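> I'd like to go over a predicted model; first the sequence, then the structure.
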Amino acid sequence: MRATETLRRADLLQRATLVLNRSWRPVHVTTVRRALCMVFRESARIVCPESLQTYCFDSWLEVPIQDPSVAIRSPRVAIAAPEIILLANYNRVPCHVAPFTRRNLFLRDDYTCQYCARRGPSNRLSVDHVKPRSRGGSTSWENCVLACVRCNARKANQTPKEAGLRLLRAPTRPRWTPYLNLRPTQHMESWSRFTPQSKRKANRR
């Protein structure tokens, strides 16, 4: 097997897979590698995103692979990387609170300056206190946002209003979801029907 193919397969095996409990509610995000192991051990089944039909490991092998870029190949078989799996027995929904950490703040704000909407790597963004700490501002979900170097320098020890800046949105504590450790750009389109946001939108129609 060529080195490039080996690297492609390794990356694909580390891709995210959504885990649903027995009631089809999202509870976790795992890797493709781990998902396939769970399906092989019959503790989960693979969900087809289009039809929502579920498959065991052997039956999933027989499903035609529509997109070659998601095919995991060995000398004997080829299998499509699952995007969603359904647990066979687990039916609980974990209850967690998103801890306030630098990493989680970057994930919440999607590596985007909350003043000018400029996106960038972590070394070009900093944590800004909306109400400066020197004025009693806390280090919390509700008072911290990401800011690029330029906006942070402009704001300095002022409030956004004093600096002539406007927040893209008010900072809030994120509701815990299985996707907390993923950037929004890593979410799969096929997951959308299982997210609380999509359900709320459907209820408003």
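Thanks, I have the structure now.

> So which bits of stretch 121-139 are buried?
For stretch 121-139, burial by neighbour count (16 or more other Cβ atoms under 10 Å) applies to 125, 128-130, 132, 137. C-betas here are computed from N, CA, C, even on glycine.

> so can I have TSV of these showing pLDDT, distance to P174 and secondary structure?
Shown next, in TSV, are the buried residues of stretch 121-139 (pLDDT from 0 to 100; distance: Cβ to Cβ, whole Å; DSSP: H, G, I helix; E, B strand; the rest coil):
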residue	pLDDT	distance to P174	secondary structure
L125	96	17	strand
D128	97	17	strand
H129	97	18	strand
V130	98	16	coil
P132	96	23	coil
G137	96	19	coil
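
> And N181, how far from P49?
In this view, N181 and P49 are 21 Å apart by Cβ to Cβ, to the nearest Å.

> out of the two, which sits in the busier spot?
P49 (17 against 12; other Cβ atoms under 10 Å).

> so what's the more buried one scoring on pLDDT?
P49 carries a pLDDT value of 91.

> so it sits right up against I85, yeah?
No - judged on Cβ atoms under 8 Å, P49 makes no contact with I85 at a distance of 11.4 Å.

> mind giving me the domain ranges of the protein?
3-95+184-193, 102-163 (automatic domain parsing).

> List the contacts of V97.
With Cβ atoms under 8 Å, 6 or more residues apart in numbering as the criterion, the residues that contact V97 are 173, 176.

> SS state for it?
Per DSSP: H, G, I helix; E, B strand; the rest coil, the local secondary structure of V97 is coil.

> Can you give me the distance of it to R173?
On the measure of Cβ to Cβ, V97 and R173 end up 8 Å apart.

> what does S51 give?
Counting by Cβ to Cβ, the gap from S51 to R173 is 37 Å.

> between those two, who's got more neighbours?
When S51 and R173 are compared for neighbours, R173 comes out ahead with 12 against 7, by other Cβ under 10 Å.

> name the element L36 belongs to?
In this structure, L36 is located in helix 32-40 according to DSSP states H and E.

> Output the contacting helices and strands for the helix or strand just after that helix.
Downstream of helix 32-40, the first helix or strand assigned by DSSP H and E is strand 44-47. Using 3 or more Cβ pairs under 8 Å, 6 or more residues apart in numbering; DSSP states H and E, the elements in contact with strand 44-47 are helix 32-40, strand 54-55, strand 84-87.

> Would you mind putting those into TSV with mean neighbour count alongside?
What follows is the helices and strands packed on strand 44-47, written out as TSV (neighbours: other Cβ atoms under 10 Å):
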stretch	mean neighbour count
helix 32-40	19
strand 54-55	18
strand 84-87	22
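
> Looking at those, which is nearest to P75?
Smallest distance to P75 across the helices and strands packed on strand 44-47 (Cβ to Cβ): 16.9 Å, for helix 32-40.

> Pull stretch 148-168 out as CSV, backbone CA atoms only.
The C-alpha coordinates for stretch 148-168 follow below in CSV (Å, rounded to 0.1, in the frame of the first residue of the first chain):
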residue,chain,number,x,y,z
CYS,A,148,-7.7,39.2,17.1
VAL,A,149,-4.6,41.1,17.9
ARG,A,150,-5.8,44.3,16.2
CYS,A,151,-9.2,44.4,17.9
ASN,A,152,-7.6,43.5,21.3
ALA,A,153,-5.1,46.3,21.0
ARG,A,154,-7.8,48.7,20.0
LYS,A,155,-10.1,47.7,22.9
ALA,A,156,-7.2,47.7,25.4
ASN,A,157,-8.6,48.5,28.9
GLN,A,158,-12.0,49.7,27.7
THR,A,159,-15.5,48.3,27.2
PRO,A,160,-16.5,47.5,23.6
LYS,A,161,-18.7,50.7,23.6
GLU,A,162,-15.9,52.9,24.7
ALA,A,163,-13.6,51.4,22.0
GLY,A,164,-16.2,51.8,19.3
LEU,A,165,-16.5,48.0,18.9
ARG,A,166,-19.5,45.8,18.7
LEU,A,167,-19.7,42.1,19.7
LEU,A,168,-21.0,39.7,17.0
